[in-house]
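S.K.: task: produce atomic coordinates for the following.
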Amino acid sequence: MELFFESDKEVISFCENLFRKHKQIELNWKTDDKWGNHLKFKEQLPLNELMDVIAGTMAEVFMEHRLGSTIRRIIKDYYYYRDHEEIDRIHDLTHWIITGDDDECRRMRQNKDQRVFLKSLFIANLKENFEFHFDSIVNFRLKPFKDQLIYFVGLAIDEFKREEDHQAFVDMLRAYVMK
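M.R.: Coordinates of the predicted model:
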């Protein structure tokens, strides 16, 4: 099995996460001018277990390095926000919905763990071939996950607007009490 990463940060993060969980996995790492960082795995684990470990690690790398920029792109491209403060606040709310552990977050995402869903998409892609380019999978094969992100950004925008309305109401009450 072979895996390519364009980003040095992502490949380092991938290897750190991989070796933190499974110390017995061996791989060769070389750099390629055309494809970037090239990881070749030695088959020491059963194939299904190896794919599970790799897919889980790829999901973690995506959540760590790509989730924020993907959310920001959705806020700008799908919902047409341009104000940086609003984008930051919506980003934070979306990230809270996706990764939060409190009851409100779980209710908003219907008790589904997005890391598990993302991992299942990576596993589906890994089963198709034994040579993968991380950027290619992220850019072209994660549409179901990105559709869910669009939905969660919409929920975050609703929450953001409710907060704005609440603040306006509180300000109006303060002005009324002062008069």
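
S.K.: what comes up buried for the longest helix along the chain?
M.R.: In the chain, assigned by DSSP state H, the helix with the most residues is helix 143-178. Residues of helix 143-178 classed as buried: 145, 148, 149, 152, 153, 156, 157, 159, 160 (neighbour count, 16 or more other Cβ atoms under 10 Å). C-beta coordinates here come from the backbone N, C-alpha and C atoms, glycine included.

S.K.: cool, stretch 132-145 as well?
M.R.: Using 16+ other Cβ under 10 Å as the test for burial, stretch 132-145 gives 132, 133, 134, 135, 137, 138, 142, 145.

S.K.: mind listing the helices for this protein?
M.R.: 8-21, 47-65, 67-77, 84-99, 103-108, 114-126, 134-140, 143-178.

S.K.: average model confidence for the fourth one?
M.R.: Averaged across helix 84-99, the pLDDT comes to 95.

S.K.: please name every helix or strand in contact with it.
M.R.: Applying 3 or more Cβ pairs under 8 Å, 6 or more residues apart in numbering; DSSP states H and E, one finds that helix 84-99 contacts helix 67-77, helix 103-108, helix 143-178.

S.K.: if you set the cut-off to 10 Å instead, what comes out?
M.R.: Other elements packing on helix 84-99 under the criterion 3 or more Cβ pairs under 10 Å, 6 or more residues apart in numbering; DSSP states H and E are helix 47-65, helix 67-77, helix 103-108, helix 114-126, helix 143-178.

S.K.: equivalent analysis for the third one, please.
M.R.: On a contact count with 3+ Cβ pairs under 10 Å, 6+ apart, helix 67-77 meets helix 84-99, helix 143-178.

S.K.: gap between the two ends of stretch 23-41?
M.R.: This stretch, stretch 23-41, spans 13 Å end to end (Cα to Cα, to the nearest Å).

S.K.: got the buried residues for that stretch?
M.R.: 25, 27, 36, 37, 38, 39, 41.

S.K.: how far is that stretch from where the chain is centred?
M.R.: How far stretch 23-41 lies from its chain's middle: 23 Å, per Cα atoms, centre = their mean, to the nearest Å.

S.K.: likewise for stretch 22-29?
M.R.: Per Cα atoms, centre = their mean, the centroid offset for stretch 22-29 relative to its chain is 24 Å.

S.K.: who touches that stretch?
M.R.: Residues outside stretch 22-29 that contact it (Cβ atoms under 10 Å, 6 or more residues apart in numbering): 1-3, 5, 11-12, 14-15, 18-19, 37-45, 49-50, 53-54, 56-57.

S.K.: cool, and stretch 130-144?
M.R.: 1-7, 10-11, 14, 35-41, 47, 51, 54, 58, 61-62, 65-66, 70, 117-118, 120-122, 124-126, 128, 145-146, 148-149.
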